[in-house]
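# starting from these lines, generate the structure:
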Amino acid sequence: MIPVRRTTIALRPDQSRVLIRPFTPGDEERTRGILTRILSFPEAEAALLMEEVLAAFGTRHPGISAVFGERFAQLRYLLPPGANLSAARKLLIGSYFVCEYSLESAALFNPSIVPHPDQTGLPPGVLRFILSLRATGEGHLSSITFRTGTIDAGGHVEVDEAKGNLSEPRQTPTSAYEKALFARKLQELGLTCDFTRGVLDRLGEVFGMADLRREVDSGLERPASAEAALAMGHAADGILRLGYSNYEVQFRENQDLSERIIFPASPSQRNGIEDARFVRFQNDDGTREYYATFTAYDGRTVMPELMETSDFLRFRFITLNGPAAQNKGMALFPRKVNGLYAMLSRMDNENLYLVQSDNVHFWFEAKPVLKPEFPWETVQLGNCGSPIETDAGWLVLSHGVGPMRQYAIGAFLLDKDDPSRVIGRLREPLLRPTESERRGYVPNVVYTCGALLHGGQLILPYAYADHATSFASITLADVLAAME
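Numbering: from 1, shown residues only. Coordinates of the predicted model:
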């Protein structure tokens, strides 16, 4: 039995962590009716109402007046022409069409941990880390939230207190799309046709979202039969969805990392961003950046996608394409292997595969690596985050599902030069749910989306019962010695 040291840390859902979100009470007809009623308020009453709203929510959300003003600007087109409104009434209109959303009211789970890009000002042997977490709120909608903390030379973990002034970043379409790459993505998605080819032909080798929209609109204005117009409309929807699914967000520099929330923003993410597996990736030139594979869910389809950042202030979101980019649980290796990007995948929902590519956006042929063998993983086997490089090989944490749909965390070892070859495997799990960890949103589950090594210790953040998050540490030498 490998000694596992559980900590007393418990990161539980906090219903007081709320985010201001747009509120749309219905279709445009209903919205116009609400606006008409707000316009009927006497001016003194409107001003008093606005004072009451600011008194109730202003201290909870610094800068809330700007949020009201932005929301009003989004709805201005629904107002009667020539409406002359006071500043207070404009803000009041905005306040009726936003709401507080408790982003982690149901769960705070499935953590991933990476070294922080800023390691300055620390005592010797101490590592600062970033922890990403899946936060789930009303409607089972999942987003990504962050915490920071430190690990000392002895493996002791401390997590910094989370701040409460939550906000979303500014979102913009990708600043520049490369035509060749965009065309390749269209082809992989089965969207190449006369209409999309015509749109791309009219664009430059590098273009922006405004250029794409202009040429799509131009193509739709061309005369066509009813049948052709319908096909053009489907193609236009597809090419624009691809454009909007590749976007960037920018947080404010003065925000604490725990205040930065990545909320679903693209059509493919409409029902949630799930299980981000962050990894610090080393490029061929020695520079580093952070990638995270995650699951986008639109209510019907599960899609693996990718985000990248160098500073956790600006994030770029990228679609993953190719026949091997499917299902859940893709995890990127922390560097190229034999000149190629490498990814672990559970593309058939049961077994683990290795996929390699010369382009991080495209994933094609997959090689089977591991299948369920032991009773605790009979239902399915998957990775629990990106492989960790050790002198002995690539250490991979795995999850298995056994009787009563109980999840457990295990580990195996891949050859350093040929990661399709398994050279070691634990027969028994590292971590099973304890009695106190069984109860929660989804009973009998322990799960992680990534661990790290520090001072010979495997630092393992893990979620229990799809509800809350804790930490454990295991000596790396003990794990390797137990491998068969």
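# residue 55: which element?
Secondary structure from DSSP states H and E places residue 55 in helix 43-57.
# what residues does that helix touch?
With contact meaning C-beta atoms under 8 Å, 6 or more residues apart in numbering, helix 43-57 is reached by 38, 41, 64, 65, 86, 88, 89, 91, 92, 95, 100. The C-beta positions use only the backbone N, C-alpha and C, and glycine is treated the same way.
# show me which pair in those residues is furthest apart.
86 and 100 (25.3 Å; C-beta to C-beta).
# in terms of helices and strands, where is residue 33?
Going by DSSP H and E, residue 33 is part of helix 28-39.
# what is the orientation angle of that helix with helix 43-57?
Per axes from the mean of the first three to the mean of the last three C-alpha atoms, to 10 degrees, the angle that helix 28-39 makes with helix 43-57 is 110 degrees.
# could you number the chain from 2 rather than 1 from now on?
Sure, I'll start counting at 2 from here, so that last one is helix 29-40.
# now for helix 29-40, which elements pack on it?
Counting contacts by 3 or more C-beta pairs under 8 Å, 6 or more residues apart in numbering; DSSP states H and E, helix 29-40 is packed against helix 88-97.
# could you list the buried residues of the helix it packs on?
Buried residues in helix 88-97, counted by 16 or more other C-beta atoms under 10 Å: 89, 90, 91, 92, 93, 94, 95, 96, 97.
# which one among those gets closest to residue 73?
For these, the minimum distance to residue 73 (C-beta to C-beta) is 3.9 Å, reached by residue 95.
# quick check: pLDDT value at the nearest residue to the closest one once chain neighbours are set aside.
Counting by C-beta to C-beta, 6 or more residues apart in numbering, residue 69 is the residue found nearest to residue 95 once chain neighbours are left out, at 3.2 Å. We have a pLDDT of 97 for residue 69.
# and the chain, what are its domains?
Domain assignment for the chain, taken from automatic domain parsing, gives 6-14+108-169+253-483, 21-103, 176-246.
# point out the most buried one among the ones you listed.
Most buried of these, by mean neighbour count (mean count of other C-beta atoms under 10 Å): domain 6-14+108-169+253-483, with a mean of 19.
# reformat the contacts of helix 44-58 as a markdown table; add distance to residue 263.
Converted to a markdown table, the contacts of helix 44-58 look like this (distance: C-beta to C-beta, whole Å):
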| residue | distance to residue 263 |
| --- | --- |
| 39 | 32 |
| 42 | 37 |
| 65 | 21 |
| 66 | 25 |
| 87 | 36 |
| 89 | 33 |
| 90 | 34 |
| 92 | 27 |
| 93 | 30 |
| 96 | 25 |
| 101 | 18 |
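# reformat those residues as CSV; add pLDDT.
CSV is the format used below for the contacts of helix 44-58 (pLDDT from 0 to 100):
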residue, pLDDT
39, 97
42, 96
65, 95
66, 96
87, 96
89, 96
90, 97
92, 97
93, 98
96, 98
101, 96
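# and of those, the nearest to residue 230?
Nearest to residue 230 among those, counting by C-beta to C-beta, is residue 39 at 39.2 Å.
# thought that closest one was touching residue 91?
No. Contact criterion C-beta atoms under 8 Å: residue 39 and residue 91 do not qualify, at 10.3 Å.
# which neighbours do these two share?
When contacts are counted by C-beta under 8 Å, 6+ apart, residue 39 and residue 91 have no shared neighbour.
# okay, and the residue nearest to residue 95 sits in which element?
helix 65-76.
# list the contacts for residue 64?
The neighbourhood of residue 64, defined by C-beta under 8 Å, 6+ apart, contains no residues.
# residue 37 and residue 51, how far apart?
18 Å (C-beta to C-beta, to the nearest Å).
# now do the same end-to-end measure for stretch 326-345.
In terms of C-alpha to C-alpha, to the nearest Å, the two terminal residues of stretch 326-345 are separated by 10 Å.
# tell me the gap between that stretch and the middle of its chain.
Counting by C-alpha atoms, centre = their mean, to the nearest Å, stretch 326-345 is centred 17 Å from the centre of its parent chain.
# pLDDT of that stretch, averaged?
94.
# same question for stretch 276-287.
Averaged over stretch 276-287, pLDDT sits at 96.
# one more: stretch 243-262?
91.
# name the helices or strands packed onto the helix or strand of the chain with the lowest mean pLDDT?
Within the chain, no helix or strand scores below strand 171-174, which has a mean of 79 by mean pLDDT, DSSP states H and E. Judged by 3+ C-beta pairs under 8 Å, 6+ apart, the packing partners of strand 171-174 are strand 248-251.
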